[in-house]
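J.: with the sequence up front, the predicted model follows.
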Amino acid sequence: MNPNGTTRRGFLNHAGLAGALGLAGPLAPRSALADDPAPAPAQSGRRHPIGVSTYSFWQFRGERLGIPECIDRAAAMGFDGVELLLVQMRDTSNPALQDIKRRAHSLGLALMGFSTHQGFVTPDADRRRSEVEKTLGQIELAYRLGIPTMRINTGRWGTSGNFDELMANKGIEPPLPGHTEDEAFDWVIGSIEQLLPKAAECGVVLGLENHWGLGRTAEGVLRIVEAIDSPWLQMTLDTGNFLEDSYPQMEAMASSDVPITLVQAKTYFGGGRWYELDLDYSRIAAILRDSGYRGWISLEFEGNDDAEQAVPRSLELLREHFS
């Protein structure tokens, strides 16, 4: 349920009327700009823009590779844009953010995605409140960077010993003793609802990703986004995070009335770090095309080959299927 009383359908109807009446002018405040309807996506004659996540150059290995260096590499390799991984950022002060934005612009790159982490799957109301406050600050960072969409996730139970154990169990975790997944869905939905006013104010679309926890399956993601029903909560589709029935689950997300706001495309040159999926990007491109998706494709390279060689190979692969 949307606490603001604005459903996705109502938002779109209002946006169309506002555009027809000329109510949203070029100097409208940031919250009012959301009422200007987007043009219908072209179905042919235009390729998907392809960006790269800064994660592709680092993968949580060793010292964090700085965001400016990642931007320079993305430009040199021929990408259209960059998705920033927040935990990779060494400095989130406003001067540092504006330097990042200026650097990307000077190289002809769009800052097209912002990847963040949340932990709403907890019975501790104070911890959930803290996660909400943290995420509100992340939305403000995305706004200052001029990034239009921000990846969020549900968080997870934390009953695995570590991430390697979670991956060995295909992302499946038992609930905390005495609690149920139904409870956890209520926690997550209630937490995300508190983010929507800020997302609308800043013009940042939240994209709930199929990223472990309650978002491990398309069913889990859809249960949350359809319950909330807000234009400011959409979905981020990660092609590499469905470990069973990958294509039917992608089809379920793509065919939903809730839009996909960003696609993260995994590649595994050199073998996967935790696992490797044999992804058929011709089939994935067809699924997205049939759904009408014409937005960004963001590469997440998660293989063992050197990124300097594997990331350009990945771009070539994605260009082949998404052009």
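T.: Structure's in. What do you need? Numbers count the residues shown, from 1 in each chain.

J.: going forward, measure contacts between C-alpha atoms and count neighbours the same way
T.: OK.

J.: make sure V188 is indeed in a helix.
T.: Yes - the assignment for V188 (DSSP: H, G, I helix; E, B strand; the rest coil) places it in a helix.

J.: chain neighbours aside, what residue packs nearest to it?
T.: F120 (5.3 Å; CA to CA, 6 or more residues apart in numbering).

J.: quick one: that neighbour and D186 touch, right?
T.: No - at 9.8 Å, F120 and D186 do not qualify as touching, with contact defined as CA atoms under 8 Å.

J.: higher neighbour count, these two?
T.: F120 (30 against 14; other CA atoms under 10 Å).

J.: how much space between that one and L222?
T.: Distance of F120 to L222, given as CA to CA, to the nearest Å: 17 Å.

J.: same check, this time on A142
T.: 24 Å.

J.: quick one: the strands in the stretch 51-200 of the chain?
T.: All strands of the stretch 51-200 of the chain, identified by DSSP state E, counting those that start in this stretch, fall at 81-85, 110-115, 149-152.

J.: now mean pLDDT, mean neighbour count and distance to G271 too, for the ones you listed, in a markdown table please.
T.: Shown next, in a markdown table, are the strands of the stretch 51-200 of the chain (pLDDT from 0 to 100; neighbours: other CA atoms under 10 Å; distance: least, CA to CA, whole Å):
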| stretch | mean pLDDT | mean neighbour count | distance to G271 |
| --- | --- | --- | --- |
| strand 81-85 | 99 | 24 | 22 |
| strand 110-115 | 99 | 25 | 24 |
| strand 149-152 | 99 | 26 | 25 |
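
J.: dump those into JSON lines; add distance to T236 as well.
T.: Formatted as JSON lines, these follow (distance: least, CA to CA, whole Å):
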{"stretch": "strand 81-85", "distance to T236": "12"}
{"stretch": "strand 110-115", "distance to T236": "10"}
{"stretch": "strand 149-152", "distance to T236": "6"}
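
J.: just the CA atoms of stretch 215-229, as PDB, please.
T.: Taking Å, rounded to 0.1, in the frame of the first residue of the first chain, the C-alpha atoms of stretch 215-229 are listed here in PDB:
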ATOM      1  CA  GLY A 215      14.300 -10.700  -3.200                       C
ATOM      2  CA  ARG A 216      16.000 -14.000  -4.100                       C
ATOM      3  CA  THR A 217      13.000 -14.900  -6.400                       C
ATOM      4  CA  ALA A 218      10.900 -12.900  -8.800                       C
ATOM      5  CA  GLU A 219       7.900 -13.900  -6.600                       C
ATOM      6  CA  GLY A 220       9.500 -12.200  -3.600                       C
ATOM      7  CA  VAL A 221      10.300  -9.000  -5.500                       C
ATOM      8  CA  LEU A 222       6.900  -8.800  -7.100                       C
ATOM      9  CA  ARG A 223       5.200  -9.400  -3.700                       C
ATOM     10  CA  ILE A 224       6.800  -6.200  -2.400                       C
ATOM     11  CA  VAL A 225       6.600  -3.900  -5.300                       C
ATOM     12  CA  GLU A 226       3.000  -4.800  -6.200                       C
ATOM     13  CA  ALA A 227       1.900  -4.300  -2.500                       C
ATOM     14  CA  ILE A 228       3.400  -0.800  -2.400                       C
ATOM     15  CA  ASP A 229       2.200   0.200  -5.900                       C
END
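
J.: list the buried residues in that stretch.
T.: G215, R216, T217, A218, G220, V221, L222, I224, V225, E226, I228, D229 (16 or more other CA atoms under 10 Å).

J.: report how many residues lie close to L262.
T.: Neighbour count for L262, taken as other CA under 10 Å: 27.
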